[in-house]
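Visitor: Here you go, sequence then predicted model.
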Amino acid sequence: MALFLLSECDREGFKRQIFTIINHHQIFGDTMRTKKLLVAALIPVALTLSGCVISVDGDGHYVDDAEKRELKNRKHLANLQPGMNVNQVMDKMGTPDFNEFLQSGENNYQVLYYRTQRMAGDGMTTKDECTPVVIKNGQLSGWGELALTKI
């Protein structure tokens, strides 16, 4: 007797599981045995599928952790003030996704990159998905691509 249990969220696997149970019912015909088999098969299936929860907002839009982080970063960027020191910026924004430093002449530049958008759904954060925050000589001088090009 073959019994297949799901190890991941898989609709086709779930269908195979149900068809296997139905086929056993037709082959074995013993209703008590079939009921036990059905219960034994459906409990692990239910427990396995219970981990497959998708967060959906009120409009039916899937919301993942990266989207929440992007939204939070955009909100924090809107509240930055020129002249803030690097510690104030990092207290408000958190740890940057990327952090670069450049010394040019008498000026020290630190560029903090925070993810604010998704370009590819590959699970990796790249600089083109981030907004640069430019710190000049320890003070916030600007953010965004325009501020970066002025260095």
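Guide: Looks like it arrived, so ask away.
Visitor: And the strands in this protein?
Guide: For the chain, the strands defined by DSSP state E cover 98-104, 107-115, 130-136, 139-143.
Visitor: highest average neighbour count across these?
Guide: Mean neighbour count, computed with mean count of other CB atoms under 10 Å, is highest for strand 130-136 among the strands of the chain, reaching a mean of 22. Using the backbone N, CA and C atoms, a C-beta is placed for each residue, glycine as well.
Visitor: Now do that strand against strand 98-104, angle only.
Guide: Orientation check (axes from the mean of the first three to the mean of the last three CA atoms, to 10 degrees): strand 130-136 against strand 98-104 gives 40 degrees.
Visitor: strand partners of strand 130-136, parallel vs antiparallel please.
Guide: Strands that pair with strand 130-136, judged by DSSP bridges, come out as strand 107-115 (antiparallel), strand 139-143 (antiparallel).
Visitor: Identify whichever of those strands lies nearest to residue 122.
Guide: strand 107-115 (13.0 Å; CB to CB).
Visitor: From residue 95, how far off is residue 114?
Guide: Applying CB to CB, to the nearest Å, the value for residue 114 to residue 95 is 9 Å.
Visitor: same deal with residue 76?
Guide: 12 Å.
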